[in-house]
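Chemist: With the input below, show me the fold.
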Amino acid sequence: MDGSSIGNPGSCGIGRVIRDDLGRLVQAYASHVGYGSNNKVELMALLHGLRICKSLNISNVIVEMDSMVVISWWLRGRCGVWYLEDFWEEIIGLTCTIHCCFQHVFREGNRVADWLAKEEASGIDFDFSNNSIMPRVLQGLIRLDSLGLPSLRG
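Modeler: As a prediction, the model looks like this:
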């Protein structure tokens, strides 16, 4: 999962990719979450991703995100930003019902969610579960990701 805030603070989009235990795409989502900072949108990406996993009855989740801030909050067991505490408390509640393992990934390993989040922050909605209807650039990023190959930044 990933979040994008254009302008920081600015227009915010989140991207989430759900894969099965073999790395195959289950669903890819992008959502607009209003206006805010990069830390808020990264936390919102996590919250929305966990909500979707719960709604799909997925009980074992490996969370991969490039936000060291959110990962450090998880390791400390607290967010510490007063206006994000309600979101944080809901995340903690969801992780009590879903077994989660958190892992930091560099942006190059998170290109699918990053691309989705940036497109959504620009105002383009996505909800995919079938490769044939995806934009070609997204198909390519998913293919590289499924092969375990990072995408290079330009």
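
Chemist: going forward, measure contacts between C-alpha atoms and count neighbours the same way
Modeler: OK.

Chemist: After the helix or strand of the chain with the lowest mean pLDDT, which helix or strand is next?
Modeler: The weakest-scoring helix or strand in the chain, judged by mean pLDDT, DSSP states H and E, is strand 126-128 (a mean of 77). Remark: after strand 126-128, the chain's next helix or strand is helix 136-146, criterion DSSP states H and E.

Chemist: I'd like to know which elements that next one is packed against.
Modeler: helix 111-121 (3 or more Cα pairs under 8 Å, 6 or more residues apart in numbering; DSSP states H and E).

Chemist: From the contact counts, what lies against the helix it packs on?
Modeler: strand 2-6, strand 10-19, strand 25-36, helix 136-146.

Chemist: between the ones you listed, which gets the lowest average pLDDT?
Modeler: Lowest mean pLDDT within those: helix 136-146, at a mean of 83.

Chemist: just the angle between it and strand 10-19, please?
Modeler: 50 degrees (axes from the mean of the first three to the mean of the last three Cα atoms, to 10 degrees).

Chemist: Helix 136-146 versus strand 25-36: what angle between them?
Modeler: Using the same axes, to 10 degrees: helix 136-146 against strand 25-36 is 120 degrees.
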